[in-house]
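>>> how would this look folded up:
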Amino acid sequence: MKMSYEFLDHISDIGVRVKSTLLESAFEESAFALLHIIFGKDRLENLESRGEIGNISISGIDREALLINFLNEILYLIDAKKIYPSGIRVKITDENNLSLKFDKNYFDLENHPINLYVKAVTYHQLKIVSEKDAVQIEYFVDI
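Take a look at the predicted model:
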């Protein structure tokens with residue numbers, strides 16, 4: 001399964017373009033790109049892991065809303081719970097629902113500073129394009 005992401009130039013925000021062969025892996029890669037924006041290129045190390053697995057159900061009125069709700073849930077975990085989700089696994093159960101599983105890693109800002117604070121993932125220029133053997137997602141974050 002081929003996956004990749006790249007950052008898009010924008011005047012005041014940061015854009016992400018994700019390419020994958022499957023929608024679920026495109027969602028996962030979108031989350032990894034978001035973590036990259038927030039914490040920098042290197043994944044966080046020396047995190048407090050209690051061996052806990054998070055499991056969250058997320059819904060949306062369409063797949064665009066599902067993506068936005070999913071990515072904003074990742075932001076909530078980071079901002080409110082101080083959880084760095086790793087090992088992100090997405091299972092899309094139907095066009096309006098997904099199950100998110102992840103390893104809970106706890107961090108504190110003193111030892112793991114934020115590289116760039118992201119306020120929200122927005123609908124601005126959001127695109128999800130599915131073709132025969134490829135999925136491309138473009139989204140922008142409000143910084």
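>>> any low-confidence regions in this protein?
Across the chain, the ranges flagged by pLDDT under 70 are 1-3, 10-11, 42-46.
>>> Could you pull out the strands in it for me?
For the chain, the strands defined by DSSP state E cover 3-8, 14-20, 48-59, 83-94, 97-106, 120-130, 135-142.
>>> now what about the first one, what contacts it?
Strand 3-8 is contacted by residues 14-21, 25-26, 28-30, 32-33, 36-37, 138, 140 when judged by C-beta atoms under 8 Å, 6 or more residues apart in numbering. Backbone N, C-alpha and C define where each C-beta goes, glycine included.
>>> give the contact list for the most centrally placed residue in the chain.
In the chain, the residue lying closest to the centroid (C-alpha atoms, centre = their mean) is Ala31, at 1.8 Å. Ala31 sits next to Phe70, Leu71, Ile74, Pro85, Ile88, Val90 when contact means C-beta under 8 Å, 6+ apart.
>>> Please repeat the previous calculation with a cut-off of 10 Å.
Tyr5, Val18, Leu67, Phe70, Leu71, Glu73, Ile74, Pro85, Ile88, Val90, Leu100, Phe102 (C-beta atoms under 10 Å, 6 or more residues apart in numbering).
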